[in-house]
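Asker: Sequence first, then the predicted structure, then my questions.
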Amino acid sequence: MGTLKIRQFRYLSDNMAYLIWTGKSAIAIDPGAVDDLLAFVRSNNLKIEYIVNTHSHSDHTVGNGQMMALSDADFIDNITLRHDGFLKLDNKRIEVWHTPGHSEDSICFLCASRGGLDGHNHRDLVFLIES
């Protein structure tokens, strides 16, 4: 186990996929960049545990099926994420915030870990806060 880390992967013309990982476990968010995500996962000996989306628009869910077929990851829908309010990766808690606006089911992820501060502010918000 270690600190939470994040990496962005561009896909289509203006979309970002995200990978959050710690140790050897990872979460794929809006996984439209399937090939790039999987290449990074393999080269870093990671295992995708969960697939999630910032919201349900088709340009954000486009990679879900292929990613599920090519990994053993579990898909967690936004309704479940909003209801639970968090998910865990190893022993790290990742908070889920319901942030309607761009879409009614939009969510953000807040990741607290040790180290410096690294935040990403996009329409599809994913935060990594290291403290």
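Answerer: Looks like it came in fine. Just so we're clear, the structure is a prediction, and the values are computed from it rather than from any experiment.
Asker: now Leu46, nearest residue through space, not along the chain?
Answerer: Excluding the flanking residues, the one nearest Leu46 by C-beta to C-beta, 6 or more residues apart in numbering is Ala26, at 4.6 Å. Where C-beta positions appear, they are placed from N, C-alpha and C, glycine not excepted.
Asker: Please, which helix or strand holds that neighbour?
Answerer: strand 25-29 (DSSP states H and E).
Asker: Using PDB, write down the CA coordinates of that strand.
Answerer: Coordinates of each C-alpha in strand 25-29 appear next as PDB, following Å, rounded to 0.1, in the frame of the first residue of the first chain:
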ATOM      1  CA  SER A  25      -4.900  -1.600  -6.800                       C
ATOM      2  CA  ALA A  26      -6.600   1.000  -9.100                       C
ATOM      3  CA  ILE A  27      -9.900   2.600 -10.000                       C
ATOM      4  CA  ALA A  28     -10.700   3.600 -13.600                       C
ATOM      5  CA  ILE A  29     -12.900   6.600 -13.900                       C
END
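Asker: Now tell me what touches that strand from outside.
Answerer: 17-21, 37, 41, 46-54, 63, 67, 71, 73, 87, 89-90, 94, 109, 126 (C-beta atoms under 8 Å, 6 or more residues apart in numbering).
Asker: List buried residues within these.
Answerer: Buried members of the contacts of strand 25-29, counted by 16 or more other C-beta atoms under 10 Å: 17-21, 37, 41, 46, 48-54, 63, 67, 71, 73, 87, 89, 94, 109, 126.
Asker: Where strands are concerned, which of the residues you listed count?
Answerer: 17-21, 48-52, 87, 89, 94, 109, 126 (DSSP state E).
Asker: Report the beta-bridge partners for the residue minimising distance to the centre of the chain.
Answerer: Central residue of the chain (C-alpha atoms, centre = their mean): Ile29, 2.8 Å from the mean position. For Ile29, the beta-bridge partners under DSSP bridges are Tyr18, Val52.
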